[in-house]
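Engineer: Fold the following, please.
(2 chains, ligands or ions: 2)
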Amino acid sequence: MIPAVQIDDLAFSHPGDTTPTIDGLSLTIPTGESVAILGPSGAGKTTLLTLLDGRLRRWQGRVSILGLALDPDAPPPLSRRADSGFIFQEFALVERSTVLRNVLNGRLGRMGVLRALLGRPSAHDLSVARAAMTDCGIADLANRRVDSLSGGQRQRVAIARCLAQEPRLILADEPISNLDPARATEILTLLTHAARKRGATTIFTSHQPDLARRFADRIVGLRNGRIVVAAATADLTEDATAALYELNDAARAPQLQVIS
Amino acid sequence: MGRRGYGGYAAGALVAGAVLWSLVTSDMDPSRLLSAGPRIADFLGRMLPPDPSVMKEIIQGSAETLRIAILGTLGAVILSLPLAILASETMVPAAVHRPVRMVLALIRAIPLILVAMLMVGAVGLGPLPGIIAIAFHATGMLAKFYAEAVDGVSRAPIAALESAGAGPLLRLRHAIWPQVAPVIARDTIFRFELNLRESLILGIVGAGGIGFYIQTYVRSFQYDKAASVTIAVIVMVIAIETLNVALRRRFS
Ligand SMILES: Nc1ncnc2c1ncn2[C@@H]1O[C@H](COP(=O)(O)OP(=O)(O)O)[C@@H](O)[C@H]1O
Ligand SMILES: [Mg+2]
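Structural biologist: Ligands and ions are numbered 1, 2, ... in the order given. This next block holds a predicted model:
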C-alpha cells in the first residue's frame, strides 16, 4: 500500500534564517495510522506540518503525500489540497461568522466554484458539514457566532471544519495545547475516532507524552529539525518518551533509538 | 515646588495675557455687553411663535441636504476604497502608506465649511459644491478607517481556506470579506451621520441644503420662519442619531 506520507532527506530554512528549521529529515507514515510528533518548542513541528500541507516553498528533498509528490517550488493543485486537512493551533476561524459557515468553509475545495462563490452549499455539502459538527459535539451551536464561543468550543469548530473537508490526511498542530487533561482526552478521543471512522491518517503534534502514548500508534521525536526517535508506541518505553523533553544533556541521547 | 512652580507661573501669566488681550481688542465695552442681553431676548421673542407656513421650504431644503449627504458619502466611499489600500500598513510599503496617510491627515485638518466656501468659488452656488466638499472632507476620515479595517484582517483564516483548497477569489469572499464588510458598513454609517449633520449648515455659504433658508430668513428679519427651520434641523439631528444607534447595533 502507498504510505500516507513519504519524506526523504527533507531540509528547509525559513526565509532569512541561517540555521535550518528542518535538517535532513526522513520519515514514512503508513496509511491509516495515528502519529504523534513530540518535541520542545522550536523543534520544527509546526513547520513540518505546514510543509506537508503544501504551504511552504523552497525546500530540498522529496516529499510524497498520499502518493503525490509535492513540488518544492509550486503550491499543490487546488483539486488536491482538500485531501490534506489542517487543524491550526490558534484555530484560524472567521470570528464574525457562524459555526456552520466556518465548518462549510472546509467544503470550499470540494464544491463547484460557482456554488462556493455564491455561498450556496448543496444538500450533500450541508449533510457532510452537519455530520462533522455532530461528531465534534457542536451540532447545537450551528448558528452561533464563533466570537461568542469558548476556547474548547472553538477547538471543536476547527476540527469540524477539517472533517467537513473529508481529508485523507489530517494534520493537527497542537490540538490539545491550553486544555486541561480531561478536555485534552475528550478532544483526542473525538479526533482519533472521527479519523478512524473516515479511514484518514492522522498526524498531531503535542507537548504531552502521556496522551500521545494513549492516542498514537507511532511516536516521532523531533529536535532541532531532526528526528531523534521514531518508533511504534508499543516499542517505546514511557521513560524514553518523556526523555524527549530532557535532551539538553547529550548523555541521554544514545539511550534512544536514534534514526537518521 | 521649586522648578515646577516657575513653570506654573509662566503658564498662568500666558493665559491671563491672552484673556486680557482678547478683552481689550474685541470692542467689548460694558454698555454693549449690558445691552446684548435684552437684544438677544428681543430676538428670541421675535422668533416666537415659529411660522409653520415654511413647511414646503423645510421639506425642500431637508431633501436637498439629504441628497448632498448621500451623494457626498457615496463620493467619499468611492475615493476611500482605493485610498484605503494605499494607506494600509499591511498591503503597501511604508514609502507609499506614510505619504498617503499624511495627505489624509491634512485633509482631515481642513474644516468642511472652508472647503465648501472654496468649492462655491470654484463651481458656483447650489448643491454641487456641497457634494464635492463633503466627499473630499469625509475621505480624510473614511480612507483612514477603511485602511484600519484592512490592516485588522486576521491572516490565519486565509491560510486555513488555502489549506482547504479555496482559490484566491474564494479566500477573498469567505475569509477576508466577512472580516472587513461589517467594519466598512459601520464606518460608512458613522460617516454618513456626520456628513448629514455637517451638511445642514452648508447652505449658509451657498453650498446647498436647508442651511440656505436659515441664512435667508435671518438676513430678511423673518425670525419666526428661521425658528421653524431651526426646529426642523434639531428634529433631523435627533432622528439621524436614533437611526444611527439602531444601525450600529446591527453591525457590531
Ligand atoms: N515564519 C517564520 N519565519 C522565520 N522563522 C520561523 C517562522 N516560523 C518558525 N520559525 C522558526 O523555526 C523554528 C521552528 O519553529 P516551529 O516549526 O514553529 O516549531 P514548533 O512548532 O516545534 O514549536 C523556530 O526556531 C522558529 O523561530
Ligand atoms: Mg508549533
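Engineer: can you pull the contacts of the closest residue to residue A:39 other than its chain neighbours?
Structural biologist: Closest residue to residue A:39 apart from its sequence neighbours, by Cβ to Cβ, 6 or more residues apart in numbering or on different chains: residue A:222 at 3.7 Å. All C-beta spots, glycine's among them, are computed from the backbone N, C-alpha and C. Contact analysis of residue A:222 by Cβ atoms under 8 Å, 6 or more residues apart in numbering or on different chains lists A:37-39, A:43-45, A:48, A:228.
Engineer: Just the ones of those in strands?
Structural biologist: Under the assignment DSSP state E, the contacts of residue A:222 contribute A:37-38, A:228 to strands.
Engineer: so, if you compare these, which one comes nearest to ligand 1?
Structural biologist: Minimum distance to ligand 1 across the ones in strands among the contacts of residue A:222 is 8.2 Å, recorded for residue A:37 (Cβ to the nearest ligand atom).
Engineer: How many neighbouring residues does residue B:195 have?
Structural biologist: Residues lying near residue B:195 (other Cβ atoms under 10 Å in any protein chain shown) number 27.
Engineer: so where's the longest helix in chain A?
Structural biologist: Taking DSSP state H as the criterion, chain A has its longest helix at helix A:181-197.
Engineer: Helices of the stretch 1-150 of chain A, start to end?
Structural biologist: Taking DSSP state H, counting those that start in this stretch, the helices of the stretch 1-150 of chain A run over residues A:45-52, A:78-81, A:99-105, A:113-118, A:123-135.
Engineer: before we move on, what about the stretch 151-260 of chain A?
Structural biologist: Per DSSP H, counting those that start in this stretch, the stretch 151-260 of chain A carries helices over the ranges A:151-164, A:181-197, A:209-215, A:238-242.
Engineer: winner for burial among the ones you listed?
Structural biologist: Among those, ranked by average contacts under mean count of other Cβ atoms under 10 Å in any protein chain shown, first place goes to helix A:151-164 (a mean of 25).
Engineer: still on that earlier bit, the longest helix of chain A packs against which elements?
Structural biologist: Applying 3 or more Cβ pairs under 8 Å, 6 or more residues apart in numbering or on different chains; DSSP states H and E, we find helix A:181-197 packed against strand A:34-38, helix A:123-135, helix A:151-164, strand A:169-172, strand A:201-206, helix A:209-215.
Engineer: nearest to chain B, of these?
Structural biologist: Closest of these to chain B is helix A:151-164, at 7.4 Å (criterion: Cβ to the nearest Cβ).
Engineer: Dihedrals phi and psi, the residue in chain A positioned nearest to chain B?
Structural biologist: Among all residues of chain A, residue A:109 sits closest to chain B, at 2.0 Å; criterion: Cβ to the nearest Cβ. Backbone torsions of residue A:109, given as degrees, to the nearest 10, read phi -80, psi -10.
Engineer: So which residues on chain A come close to ligand 1?
Structural biologist: Residues of chain A lying close to ligand 1 (Cβ under 6 Å from any ligand atom) are A:14, A:17, A:21, A:39, A:41-47.
Engineer: if you set the cut-off to 5 Å instead, what comes out?
Structural biologist: Counting by Cβ under 5 Å from any ligand atom, chain A comes close to ligand 1 at A:14, A:21, A:41-47.
Engineer: so residue A:65 touches residue A:84, yeah?
Structural biologist: Yes. Here residue A:65 reaches residue A:84: they are 6.0 Å apart, a contact under Cβ atoms under 8 Å.
Engineer: Those residues of chain B touching chain A, which are they?
Structural biologist: Within chain B, the positions lying close to chain A (Cβ under 8 Å from any Cβ of the partner chain) are B:154, B:156-157, B:159-167, B:169-170, B:173-175, B:178-179, B:182.
Engineer: from those, which would you call buried?
Structural biologist: Neighbour-count burial (16 or more other Cβ atoms under 10 Å in any protein chain shown) applied to the residues of chain B next to chain A gives B:156-157, B:159-167, B:170, B:173-175, B:178-179.
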